[in-house]
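**Student:** sequence first, then the predicted structure:
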Amino acid sequence: MEYGNAHTAGNEYRSEHMMADLPVQERPRERLLYGGAGALADHELLAILLRTGAKDRSVRHLAMDVLKAFDGNLSALATAEISELCAVRGVGEAKAIELRAAFALAHRLSTRPEIDRPAVQSPQDAADIFREHFLEKEKEEFHVILLDTKHFVIRTEPVTVGLVDRSQIHPREVFRSAIRNNCSRIVLIHNHPSGDPTPSKQDIAATKNLVKSGEIIGIEVLDHVVMGKRTDHQQECNDFLSFREEKLLS
């Protein structure tokens, strides 16, 4: 079964010049650390790369000037040559090189072959990703698979280890990483060390709650896969159960 488709001159100069001297709530680095990159505007992300401002401008003002020089067009900024970046007052060769390198890496990441990342188009795909991980586990583990719009894996995140009472899993823990990664769909997966993938009543109730929470947040729970184990007498049977296939999501 396949799934559907962020001060002034003089003695106050250094305070304007260095991000470290800004109030904590205004520091781009701290805001990214605690709120994720999505909480920052373009110029704030750029300020992190620039690190320091010019003699007469804070790093935030310099970042805004850099964006303005390219009419606020990130694509134009990302493809700008070193000489074009250096033409912005306050941007020296070192800063220009660092910006060029950062954008070059981003371009390589965006154009890398999708084969580098597994796709989750079915419960079998999700099971294949985690089968070896769960093989010798003696405790239950609950994980989330974050997917992009084409169902390629962005990353996987552990949520709990050794927690049998599924009702104690809070939606906040499940969706936190998905929100930070601007993910629109996820697959839940956990193991049953006993080998029997049949979901418990708690599994079913908790999953329905997470599906409803996802609908409110705007993140679709595509499936919940429960991993069991193959036995010598049942090699041909699936070692997993899909909530979607069993119509247990709603």
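**Tutor:** The structure has been received and is ready for your questions. Numbers count the residues shown, from 1 in each chain.
**Student:** now do the strands in the chain.
**Tutor:** Taking DSSP state E to define them, one finds strands in the chain at 141-147, 153-161, 185-191, 220-227, 240-242.
**Student:** of all those strands, which lies closest to Leu46?
**Tutor:** Evaluated over those, closeness to Leu46 peaks at strand 153-161, with 23.4 Å, by Cβ to Cβ. Yep, even glycine has a C-beta here, placed from its N, CA and C like the rest.
**Student:** direction included, what does the closest one pair up with?
**Tutor:** In the sheet, strand 153-161 lines up against strand 141-147 (antiparallel) (DSSP bridges).
**Student:** break this structure down into its structural domains.
**Tutor:** When the chain is parsed with automatic domain parsing, its domains come out as 10-109, 116-242.
**Student:** can you lay out those as CSV showing mean neighbour count?
**Tutor:** Output for the domains of the chain, formatted as CSV (neighbours: other Cβ atoms under 10 Å):
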stretch, mean neighbour count
domain 10-109, 15
domain 116-242, 17
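**Student:** so which of the ones you listed is nearest Glu2?
**Tutor:** Each of the domains of the chain has some distance to Glu2 by Cβ to Cβ; the shortest is domain 116-242, at 5.1 Å.
**Student:** quick one on the thing from earlier: Ser250: which of the domains of the chain is closest?
**Tutor:** Distance to Ser250, taken as Cβ to Cβ, is lowest for domain 116-242 among the domains of the chain, at 6.4 Å.
**Student:** how close does the spatially most central residue of the chain sit to Gly35?
**Tutor:** For the chain, the residue nearest the mean C-alpha position is Asn181 (2.8 Å; Cα atoms, centre = their mean). Here Asn181 is placed at a distance of 13 Å from Gly35 (Cβ to Cβ, to the nearest Å).
**Student:** stretch 87-96: end-to-end distance?
**Tutor:** Length of stretch 87-96, first residue to last, Cα to Cα, to the nearest Å: 10 Å.
**Student:** correction: stretch 143-160
**Tutor:** 7 Å.
**Student:** now tell me which helix or strand of the chain has the poorest mean pLDDT.
**Tutor:** Sorting the helices and strands of the chain by mean pLDDT, DSSP states H and E puts helix 13-17 at the bottom, at a mean of 41.
**Student:** need the domains of the chain in a markdown table (columns: distance to Glu2).
**Tutor:** Formatted as a markdown table, the domains of the chain follow (distance: least, Cβ to Cβ, whole Å):
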| stretch | distance to Glu2 |
| --- | --- |
| domain 10-109 | 27 |
| domain 116-242 | 5 |
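**Student:** would you single out the least confident of these?
**Tutor:** The weakest mean pLDDT among those belongs to domain 10-109, with a mean of 83.
**Student:** where do the helices sit along the protein?
**Tutor:** For the chain, the helices defined by DSSP state H cover 13-17, 28-35, 42-50, 59-69, 74-78, 82-86, 93-111, 123-134, 171-180, 201-217.
**Student:** sweet, I'm off.
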